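Engineer: return atomic coordinates for the entry below.
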Amino acid sequence: MNRRHFLHTSAWAAPTLLCRAKTTEPTQILGQGDFRYRQIPGWGVLDKQTPVKNCHGLVEDSQGHIILLTDEVQNNVIVYSPDGKLVSKWGHHFPGAHGLTLVQEDGREVLYLTDTVRHRVFKTTLDGEILQEWGPPTGPPAIKEEDYKPSWTLHDPASGDFYVLDGYGTDHIIHYDSAGKEKKVFGGQAGGITHWGPHGGIFNDQKLLIAMSDQQHLLEVSTDGTLGKKVPLPGGNPRQIFSKENHYFIGHLADNWPADRNSRGFISVLDADFRVVSNIGGTVPKYDNKDALQKMSQQGEVFQHPHDLIVGNDDSLYVAQYASGNTYPLKFERV
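Structural biologist: Numbers count the residues shown, from 1 in each chain. From the prediction side, this is the model:
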């Protein structure tokens, strides 16, 4: 399924000076095998009237616009044209803006965004009208508002049901039906979901495929909470997943996070069998004679801290970064 933490903003204060993203030389090729990319320098950099703090979420709408979610309350949502120019911006009330998902509902596109500071999930139109919002679940188990810090939403395109990851709170997963009615709360540490784990993910093959961040793996979870396959990603720190054409694109916040918060991240590409086939801005993936993936690391300091990513309709790769000096999203063309 195509999907068109953190530390709270108070835990990592981004620099106040607006910085341009570090760019690579136009001839530098990143990645290996069939998934190699070249950065487009300066894409998406805007003037000081449209600032960003942490760039948390990215989606692409049916018109080819790239939509960015940032926790900068001057403009929480920035809409880009494919060539990186400003189309529109909105949002002043999401200080903990974190997860962003685009969903087709009743013949139109809507956005779901999470706010870890306001302890809420919001559904909006593409131009910012709030259609619905959800606070902490009533359970069982019920979650106190101050403990509820939702990180992302995962959506079943067939039923319209969706699942909220309480990734910075209690590590529970909240299941809602297509009308937004709470159905079930599962997971949490009692359900085998490790703290500082569930950050982002997608609905994949009738299961939740969750990026388990500091735990350095992906985790399949059934819709009733049963834990399934674990995909180790040593040296990674997977924050979000994007699926396209039987491949999974994984954004790693850093290669030694949280032990070393100056460590940098990279992007992994996995095939349909969850084998890493390319590391963009990272070392060549290697498996030993027991078919175990060896520790990966960043290479070349291309990225700072990738937090979300999408692959556009033109096959370009777009990356949003957390705690990266107020940098705008990056674009890479496939070569």
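Engineer: show me where pLDDT drops low in the stretch 1-150 of the chain?
Structural biologist: Residue ranges of the stretch 1-150 of the chain with pLDDT under 70: 1-27.
Engineer: got the contact list for residue 269?
Structural biologist: Neighbour list for residue 269: 31, 35, 247-250, 276-280 [criterion: CB atoms under 8 Å, 6 or more residues apart in numbering]. (Glycine included, C-beta is placed from N, CA and C.)
Engineer: let me see the ranges of the helices in the stretch 201-335 of the chain.
Structural biologist: Remark: no helices are assigned in the stretch 201-335 of the chain by DSSP state H, counting those that start in this stretch.
Engineer: report pLDDT for residue 301.
Structural biologist: Predicted confidence (pLDDT) for residue 301: 88.
Engineer: check the one 4 residues further on too.
Structural biologist: As predicted, residue 305 sits at a pLDDT of 99.
Engineer: i'd like the first residue to be 39 from this point on
Structural biologist: Will do, 39 is the new start, and the previous item becomes residue 343.
Engineer: how far away is it from residue 112?
Structural biologist: From residue 343 across to residue 112, the span is 22 Å (CB to CB, to the nearest Å).
Engineer: so between those two, which is more surrounded?
Structural biologist: Applying other CB atoms under 10 Å to residue 343 and residue 112 shows that residue 343 carries more neighbours, namely 25 against 13.
Engineer: among the contacts of residue 307, which pair sits farthest apart?
Structural biologist: With distances taken as CB to CB, the most widely separated pair in the contacts of residue 307 is 69 and 286, at 14.4 Å.
Engineer: so what's residue 121 up against?
Structural biologist: Per CB under 8 Å, 6+ apart, neighbours of residue 121: residue 81.
Engineer: what about 7 Å?
Structural biologist: Listed by CB atoms under 7 Å, 6 or more residues apart in numbering, the contact set of residue 121 is empty.
Engineer: next up, phi/psi of it, please.
Structural biologist: phi -90, psi 10 (degrees, to the nearest 10).
Engineer: now residue 158
Structural biologist: Dihedral pair for residue 158: phi -140, psi 160, per degrees, to the nearest 10.
Engineer: contacting residues for it?
Structural biologist: 171-173.
Engineer: same check on residue 191?
Structural biologist: With CB under 7 Å, 6+ apart, residue 191 has these contacts: 137, 139, 150, 152, 159, 200-202.
Engineer: how close does the nearest residue to residue 199 once chain neighbours are set aside get to residue 179?
Structural biologist: Among residues not flanking residue 199 along the chain, residue 215 sits closest, at 5.4 Å (CB to CB, 6 or more residues apart in numbering). To residue 179, residue 215 is 19 Å away according to CB to CB.
Engineer: same check, this time on residue 259
Structural biologist: Going from residue 259 to residue 179 by CB to CB gives 17 Å.
Engineer: the two: which is more packed in?
Structural biologist: Taking neighbours as other CB under 10 Å, residue 259 and residue 179 compare with residue 259 leading, 24 against 12.
Engineer: for the residue nearest to the more buried one when sequence neighbours are not counted, list each beta-bridge partner.
Structural biologist: Using CB to CB, 6+ apart and skipping the chain neighbours, the partner closest in space to residue 259 is residue 246 (4.5 Å). As for beta bridges, residue 246 partners with residue 241, residue 259 under DSSP bridges.
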